[in-house]
Each structure stands twice: as structure tokens, then as C-alpha cells.
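Chemist: return atomic coordinates for the entry below.
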Amino acid sequence: MKILVVEDDLEIQGLISYFFIKEGYEVHGVDNGLDGLKKLKEEKHDLIILDLMLPGIDGKNFTKIVRSMGEYGNPKIIMLTAKTEIEDVLEGLEVGADDYMKKPFDPRELVLRGKKLLAIKEIKKEEKSESKFLNIVVDEKKHKVFYEKNEIELSKKEFDLLNLLINNVGLVVTREKILDRVWDSNYYSGDRTVDVYISKLREKLPILSECIKTVKGVGYRLEEKR
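Modeler: Next comes the predicted model:
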């Protein structure tokens, strides 16, 4: 598996590369977002370790570009930043990052998180690429959602949450499972985060308003209207 480290601090870039190479991964490093995008065009990577504050194209816009254009593949992304406010955490994840670590960090923990994301990526390769519920179709390969053949714009987290619910129709999905599968439980998201994203799904797909049932104190269940 190939890992791309996009970090303008060459000392940190070298440290990250060293620890992943020790684990047997092929690692490439660049010090700015533009070169990172060029590298991804040349060859697909499975995981990107991405600094948020970069010269030229910052980490947030870098992630937006990668997630919006199929030519860059569908790599897992861990965002690194010195920022600590929860709003920055949410914003980074909202645009498509899979995980988030604050500087300074332990490179051994970074490697463990990277391994976890790569394991999830391998599992998903073997899973079915399309899920359906009523007139909603979720295309995992294209990362698109359709309702009555019309595409519905969803953020990455909204997409992942909807897909999780559809793949567990009729079952109660606990908050803990949602946080683990959609947010990987690696940052403090606040008690209301799941509720907010459920509300967003109900708003963007009104058909779900009566189909997503709240199981008080536990989580949510998706079921067809009776």
C-alpha cells in the first residue's frame, strides 16, 4: 500500500515517513498541496497524511479537490493540525478527512490510526457497491446518492451515515456504533453531533423524516413507513 505525506515541515515529514516505512509501506513525501495533487495524478495512494496549514493549497481545499474529482482515487485521509478548536475538527472532517490528529502527536499512534483506516478500506473493497432503501440508491463506488434518479448532494459524513443506516435497516444503530463507523471515534465530537447529522439527512431527504426512528437513549433505527 502507498502512503503520501503532504507536510511542509521536512523534519515532521521525515519522521512520519520513517515510521510508516518501518511498517513496510511505500511512502512518498511532498511539501505543498499542489505537488501532492500532481503526485496523486501520477499514481494512486491508499492513505494521505495531510497537514492543514500548507503553502498554496491548504489541507482543507486539498481534501475538497481530492474528494470531488475521481482522478485522484479514493484515499483515506488523516489531517494534521496545531489547531485545537472543535469547529476546526468538524470542518476538516466535513470536507472529507477520515481522521484528525493534533500536533504534537506520537508517530506510533499515527501509524496505528493509519493501519485502522487501511483495514477499513480493504473491507469496503469487498462489500457491495450499491445499497437501496425505498427510492433511495447509494452508490459507494461513485460516492453518490440518488432519490428517484435525481442526485442528492451530501457531505462525506452525511453519505457515510446514510449508508450505515441503510445497511442496517430495521436494526437499532447505537450512537457509539455511528461514531465508530462514521467518525472512527478518534476525536471528541460532542453529544449533539450525531443528532445534527440525522437532522441534515431528514432535511435533504424528506422521505426519511418518518423512516429514521429515534430510539431514546440508544441511537437510531431506519425502517419503512407503516
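Chemist: from now on I want contacts and neighbour counts done on CA atoms only, so please keep to that.
Modeler: OK.
Chemist: which residues of this structure fall in strands?
Modeler: 2-6, 26-30, 47-51, 76-81, 99-102, 130-133, 136-139, 144-147, 150-152, 172-174, 212-215, 219-222 (DSSP state E).
Chemist: buried set for the fifth one?
Modeler: Of the residues in strand 99-102, those buried under the neighbour-count criterion (16 or more other C-alpha atoms under 10 Å) are Asp99, Tyr100, Met101.
Chemist: compute the distance between the first one and Lys149, please.
Modeler: Asp99 sits at a distance of 32 Å from Lys149 (criterion: C-alpha to C-alpha, to the nearest Å).
Chemist: tell me the pLDDT at Leu40?
Modeler: Per-residue pLDDT puts Leu40 at 93.
Chemist: err, Glu158, not the other one
Modeler: 92.
Chemist: the one 3 residues further on now?
Modeler: The predicted structure scores Leu161 at 93 on the pLDDT scale.
Chemist: assess the claim that it and Val182 are in contact.
Modeler: Yes - here Leu161 reaches Val182: they are 6.2 Å apart, a contact under C-alpha atoms under 8 Å.
Chemist: thinking again about what came up before, most tightly packed of the strands of the chain?
Modeler: Most buried of these, by mean neighbour count (mean count of other C-alpha atoms under 10 Å): strand 47-51, with a mean of 26.
Chemist: counting contacts, what elements does it pack onto?
Modeler: strand 2-6, strand 76-81 (3 or more C-alpha pairs under 8 Å, 6 or more residues apart in numbering; DSSP states H and E).
Chemist: now the angle from it to strand 26-30?
Modeler: 30 degrees (axes from the mean of the first three to the mean of the last three C-alpha atoms, to 10 degrees).
Chemist: just the CA trace of strand 47-51, in PDB.
Modeler: Below are the C-alpha coordinates for strand 47-51, written out as PDB (Å, rounded to 0.1, in the frame of the first residue of the first chain):
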ATOM      1  CA  LEU A  47      -3.600   6.900   2.600                       C
ATOM      2  CA  ILE A  48      -2.700  10.500   2.800                       C
ATOM      3  CA  ILE A  49      -1.200  12.100   5.900                       C
ATOM      4  CA  LEU A  50      -2.100  15.800   5.300                       C
ATOM      5  CA  ASP A  51      -1.100  19.000   7.100                       C
END
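Chemist: tell me the strands beside that strand, with direction?
Modeler: According to DSSP bridges, strand 47-51 has the following sheet partners: strand 2-6 (parallel), strand 76-81 (parallel).
Chemist: the longest one - what's its average pLDDT?
Modeler: Put plainly, it is strand 76-81. 91.
Chemist: pull the residues that contact that strand.
Modeler: Residues outside strand 76-81 that contact it (C-alpha atoms under 8 Å, 6 or more residues apart in numbering): 46-53, 59, 92, 96-103, 114, 117-118, 121.
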